[in-house]
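J.: below is the sequence, then the predicted model.
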Amino acid sequence: MKIAINGAGIAGPTLAWWLQRAGHDITLIESAPQMRSGGYVIDFWGVGYDIAEKMGLIPRIRSLGYQVREVRLVNRHGRRNGGFPAEAFSRLTNGRFTSVPRSDLAATIYGALEGKVETLFGDSIAAIEDTGDDVRVTPYKSPRRHFDLVIGSGGLHSRVRKLVFGPKDQFEVPLGFHVAAFQVQGYPHRDELAYVAHAVPGRQISRLSLRDDRTMFLFVFRDEYLRGVPVRAEQRKQALAEIFAGVGWETPDILKAMRGAEDVYFDRVSQIRMNRWTQGRVALVGDAAACVSLLAGEGTGLAMAEAYVLAGEINAARGDHAAAFARYERLMMPFLKQKQTSAAAFASAFAPRTAFGIQVRNAATRLLRIPKVAEYLIGGDLRDDVVLPDYPGLESAISL
């Protein structure tokens, strides 16, 4: 089949990898002029880790990742007031856990395609016409093309979802927070393999030391602190400087370092909740279908699992896309809805609304040093209660 995939983040290239291995003709369409760099660091475990292992990517991912040893919470003077050894994550996942820059994970998956799929960088889909027999896709910059299927994997702001299913506000559920992230080189304070965070009511700022003298910073804050929606990088920097002014710890140094950042990721923390992910010959995958939110920690892994199941069902259906789409939704939708419920409940832990809430959160993190308590508090969130099918026709293609 000829299949167009809009979005070259995590889900899109994963889907392309599996489908092209099974002999399908894939075109990736990506609005960015090249693979994105920088951004934030994600924790990688669960079903996504399993899919990456099937793809033979784990050695590369772990070499790019960080085996963080400590989550450290500090007060405005930099003194520890909470946290726990990150070994708890490794123990609860049987060592199948790493933290990796999202852009590095995306580049690893895309690199595994080995140039075997066509990619239209710097373009996006302007119009989609589903005739019933095929899908006519009109990109902004390229000639119109015909495909058997179109898959939208453009994340929270999916273009395909908007064109086929309707405006984002029909499906977006804001969780009450915004996030921002950036990386800089030469930041003077470093704590190797430690995730260090400081919170005041409604706001939290964190850092993680990376290789090559780089540091990643993550800001989380409640919506009420934001006035207007900053679009350009300088507007985002100004908004963050105002929101985090006077919160103590290293914040003055961090805000100073931010001035030299090339780009600042900035977005609302939201989920996408839909009753169906497919319509006609069009389907959604990853955050475009069921974003659990950045604060869930596992969104990238879940996107890879969705992509694997969608590819397996498309290939197994031998042209019956309606049957493939129905099985894909039936297998993955209940699992993703469960993950969304857990993520929504957990989001407030990043930026408690009150000083008392911060104290309770910090006290709970100290209890994670006790294995049985860690199992009770976070063990369920680190387990994926889903059994992914084996697709012999798909996985046997790995050896081709």
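T.: The structure has been received and is ready for your questions. Residues are numbered from 1 along each chain as shown.

J.: off-centre distance for the lengthiest strand in the chain?
T.: Ranked by number of residues, the top strand in the chain under DSSP state E is strand 172-185. Taking C-alpha atoms, centre = their mean, to the nearest Å, one finds the center of strand 172-185 at 12 Å from the center of the full chain.

J.: what about the protein, any weak spots by pLDDT?
T.: For the chain, the stretches with pLDDT under 70 are 297, 380, 382, 385, 395-400.

J.: so which residues of it form helices?
T.: Here the chain has its helices, by DSSP state H, at 11-21, 46-54, 58-64, 87-92, 102-111, 159-164, 233-243, 251-258, 287-290, 299-317, 321-346, 355-367, 371-378, 392-395.

J.: measure how buried Ile243 is and give me the count.
T.: 19 (other C-beta atoms under 10 Å). (Each C-beta comes from the backbone N, C-alpha and C, glycine too.)

J.: what sits against the closest residue to it other than its chain neighbours?
T.: Using C-beta to C-beta, 6 or more residues apart in numbering and skipping the chain neighbours, the partner closest in space to Ile243 is Tyr225 (4.8 Å). Contacts for Tyr225 (C-beta atoms under 8 Å, 6 or more residues apart in numbering) come out as Gly202, Arg203, Ile243.

J.: correct me, but the second one touches Gly246?
T.: No - applying C-beta atoms under 8 Å as the test, Arg203 and Gly246 come out as separate, 10.5 Å apart.

J.: what about stretch 223-242, start to end distance?
T.: The first and last residues of stretch 223-242 sit 14 Å apart, counting by C-alpha to C-alpha, to the nearest Å.

J.: sorry, that was for stretch 282-292
T.: Stretch 282-292 has its terminal residues 21 Å apart, counting by C-alpha to C-alpha.

J.: stretch 275-295 now?
T.: 23 Å.

J.: returning to what we had before: dump the contacts of Tyr225 into TSV; add distance to Asp263 as well.
T.: Output for the contacts of Tyr225, formatted as TSV (distance: C-beta to C-beta, whole Å):
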residue	distance to Asp263
Gly202	25
Arg203	22
Ile243	18
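
J.: ok, of those, which one's closest to Ala4?
T.: Ala4 lies nearest to Ile243 out of those, by C-beta to C-beta, at 39.7 Å.

J.: quick one: furthest residue from the center of the protein?
T.: Asp133 (33.3 Å; C-alpha atoms, centre = their mean).

J.: separation between it and Ala316?
T.: 22 Å (C-beta to C-beta, to the nearest Å).

J.: so what strands line up beside the longest strand of the chain?
T.: Applying DSSP bridges, strand 172-185 is found paired with strand 214-222 (antiparallel), strand 265-272 (antiparallel).

J.: please identify the buried residues of it?
T.: Leu175, Gly176, Phe177, His178, Val179, Ala180, Ala181, Phe182, Gln183, Val184 (16 or more other C-beta atoms under 10 Å).

J.: and that strand with helix 233-243, angle?
T.: 100 degrees (axes from the mean of the first three to the mean of the last three C-alpha atoms, to 10 degrees).

J.: report the angle between strand 172-185 and helix 102-111.
T.: Using the same axes, to 10 degrees: strand 172-185 against helix 102-111 is 100 degrees.

J.: output strand 172-185 in CSV with nothing but the alpha carbons.
T.: Output of strand 172-185 as CSV, limited to C-alpha atoms (Å, rounded to 0.1, in the frame of the first residue of the first chain):
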residue,chain,number,x,y,z
GLU,A,172,-8.0,18.9,23.9
VAL,A,173,-8.3,18.7,27.7
PRO,A,174,-6.0,21.2,29.4
LEU,A,175,-4.5,20.0,32.6
GLY,A,176,-3.9,23.4,34.1
PHE,A,177,-0.2,23.8,33.4
HIS,A,178,2.3,25.1,30.9
VAL,A,179,5.8,23.7,30.3
ALA,A,180,8.9,25.2,28.8
ALA,A,181,12.3,23.6,28.2
PHE,A,182,15.7,24.6,26.7
GLN,A,183,19.3,23.6,26.6
VAL,A,184,22.5,25.7,27.0
GLN,A,185,26.2,25.0,27.1
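
J.: Tyr265 pairs with what?
T.: Beta-bridge partners of Tyr265, as defined by DSSP bridges: Ala181.

J.: do you know how far it is from Trp249?
T.: For Tyr265 relative to Trp249 (C-beta to C-beta), the value is 21 Å.

J.: got it, and Gly393?
T.: For Gly393, the distance to Trp249 - C-beta to C-beta - is 54 Å.

J.: ok, these two, which is more surrounded?
T.: Shown here are Gly393 and Trp249; by other C-beta under 10 Å, Trp249 has more neighbours (21 against 12).

J.: go ahead and confirm that one touches Gly78.
T.: Yes - look at Trp249 against Gly78 with C-beta under 8 Å: they come within range, at 5.8 Å.

J.: who does Gly83 bridge with?
T.: Here Gly83, judged by DSSP bridges, has bridge partners Arg72.

J.: for it, which residues are in contact?
T.: Gly83 neighbours (C-beta under 8 Å, 6+ apart): Glu70, Val71, Arg72, Leu73, Asn362, Thr365, Arg366.

J.: Glu30: which of those residues is nearest?
T.: Out of the contacts of Gly83, the member with the shortest distance to Glu30 (by C-beta to C-beta) is Val71, at 33.7 Å.

J.: wait, doesn't that closest one sit right on Ser206?
T.: No - using C-beta under 8 Å, Val71 makes no contact with Ser206, being 9.3 Å away.

J.: need the residues touching each of these two.
T.: Common contact partners of Val71 and Ser206 (C-beta under 8 Å, 6+ apart): Tyr195, Ala197.
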